[in-house]
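Asker: my questions are about this predicted structure, shown below with the sequence.
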Amino acid sequence: MGNILFMVVPCYNEQEVITETTKRLSEKLNALISQGKIDKNSKVLYVNDGSKDKTWEMICDIHNNDKMFRGLCLSRNRGHQNAVLAGLMTAKEEADMVISMDADLQDDINAIDEMVDKFNEGYDVVYGVRNKRDTDTAFKRVTAQVYYKFLLKLGVDIVYNHADFRLMSKRVLDNLENYKEVNLFLRGIIPMIGFPSTNVYYERADRFAGESKYPLKKMLHFAFDGITSLSIKPIRFITVLGLLIFFLSIVILAYSIISHFLGNTALGWSSIMVSVWALGGLQIFSIGIIGEYIGKIYLESKERPRFIIKDYLND
Ligand code: UDP
Ligand code: MG
């Protein structure tokens, strides 16, 4: 097996950071090449996810200056997961291993050495795991923790504190190609593929420049997608809940019959109101969750392409 490395870097409005990222990646890859750890045909593949700023023009310039850098341009913004996927599927045609990494230098470039070492030791997947979350706000830290624990409870096999900084071998990517789902949650799918895997620990830095492209709304959406595309336990939970409430209603029925014969029939208005509202709320909530899954089925059944490539700079 060879050791051609491709770095896949999704970029959405990253004009403030891409020059610095390029500089650091170029140093790192050249060092690895001279140490003989990776092949000299190793590349960096920037995936432009429909940026509205100068990102694509800058990628074209970078490519013209140094052919180690390539650019893939999507037809429009498709979101981080799809941008990464587009890059992975393009890179695997030539690479033996691919590392996906954010453009903003939050992922520690120095962890790449260790990832490549692990690949050479025979691991197919190397997860970049952050050992601290100091640079995140307290809010993001707590919600992320609760969320990961929740996913684990739902039976989703996910690596704690791992985002999308990871190395994957070509055979993992060949198998990833068979996962056709439109609602893609890479973190949950890669562990499903199997093959030997290990972790590499790093400290997550602050964003080098620019702003997070993941506002709260997008984050919540992503979090919800993660749950509903990987687990059907919420639906089961509703079934169990419905069953419990049914049993409870039998108890209440028995109670009202007994009360009737005991002569306490002046039943309260409040108890009726409470049950009407409680049950109504529960029903709407349950229908909502089921609707969420039906929505997913609807989207999946169309089998639309997950990304469309407009341009590929690969000369
Ligand atoms: N990104 C993307 N498409 C999007 C949003 C983000 O390709 O629609 C890229 C972005 O350029 C960056 C990575 O995904 O390289 C992670 O985004 P960001 O750093 O904004 O997320 P955060 O680190 O704040 O979670
Ligand atoms: Mg970031």
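Answerer: All right, it came through fine. Residues are numbered from 1 along each chain as shown. Ligands and ions are numbered 1, 2, ... in the order given.

Asker: contact partners of the helix or strand where Leu85 lies?
Answerer: Taking DSSP states H and E as the criterion, Leu85 maps to helix 80-91. Helix 80-91 has contacts (CB atoms under 8 Å, 6 or more residues apart in numbering) with 6, 8-12, 43, 45, 47, 49, 72, 74, 78, 98, 100, 164, 168, 173, 176-177, 184-186, 213-214, 222, 306-307, 309, 312. C-beta coordinates here come from the backbone N, C-alpha and C atoms, glycine included.

Asker: filter these down to the buried ones.
Answerer: 6, 8-12, 43, 45, 47, 49, 72, 74, 78, 98, 100, 164, 168, 173, 176, 184-186, 213, 306-307 (16 or more other CB atoms under 10 Å).

Asker: just to revisit the earlier point, and the helix holding Leu85, is it in reach of ligand 2?
Answerer: No - on the criterion CB under 5 Å from the ion, helix 80-91 is out of touch with ligand 2, staying 9.5 Å away.

Asker: just the CA trace of that helix, in PDB.
Answerer: Provided in PDB are the C-alpha atoms of helix 80-91 (Å, rounded to 0.1, in the frame of the first residue of the first chain):
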ATOM      1  CA  HIS A  80     -20.200  21.400   6.000                       C
ATOM      2  CA  GLN A  81     -21.000  17.600   6.000                       C
ATOM      3  CA  ASN A  82     -21.700  17.500   2.300                       C
ATOM      4  CA  ALA A  83     -18.700  19.600   1.500                       C
ATOM      5  CA  VAL A  84     -16.500  17.200   3.400                       C
ATOM      6  CA  LEU A  85     -18.200  14.300   1.700                       C
ATOM      7  CA  ALA A  86     -17.600  15.800  -1.800                       C
ATOM      8  CA  GLY A  87     -13.900  16.300  -0.900                       C
ATOM      9  CA  LEU A  88     -13.500  12.700   0.500                       C
ATOM     10  CA  MET A  89     -15.200  11.100  -2.600                       C
ATOM     11  CA  THR A  90     -13.000  13.100  -4.900                       C
ATOM     12  CA  ALA A  91      -9.800  12.600  -3.000                       C
END
